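> model this:
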Amino acid sequence: MDIKEFSNRFADATKHLSPEETAAIMKLFQGISKELPPTAL
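Residues are numbered from 1 along each chain as shown. Model (predicted):
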């Protein structure tokens, strides 16, 4: 699966989340991004 396919699937899976669920997903990705080296972003 490439990044575009992942993005499309992720968007479809998350489009009906509550604001609380959306905030939890954002927090999860922020934590992951902090662990990535700057060159990975």
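> CA only for contacts and neighbour counts going forward, please
OK.
> let me know the secondary structure of residue 25.
Under DSSP: H, G, I helix; E, B strand; the rest coil, residue 25 falls in the helix class.
> so residue 13, which state does it fall into?
Per three-state DSSP, residue 13 ends up helix.
> how close does residue 6 get to residue 20?
Distance, residue 6 to residue 20, using Cα to Cα, to the nearest Å: 22 Å.
> to clarify, my last question referred to residue 8.
According to Cα to Cα, residue 8 stands 21 Å off from residue 20.
> can you give me the pLDDT of residue 1?
The per-residue pLDDT reported for residue 1 equals 87.
> same question, residue 38
82.
> same deal with residue 29?
On the pLDDT scale, residue 29 is placed at 90.
> quick one: secondary structure of the residue nearest the centre of the chain?
Note on the chain: the residue nearest the mean C-alpha position is residue 29, at 5.2 Å, using Cα atoms, centre = their mean. Under three-state DSSP, the three-state class of residue 29 is helix.
> contact partners for it?
For residue 29, no residue counts as a contact, taking Cα atoms under 8 Å, 6 or more residues apart in numbering as the criterion.
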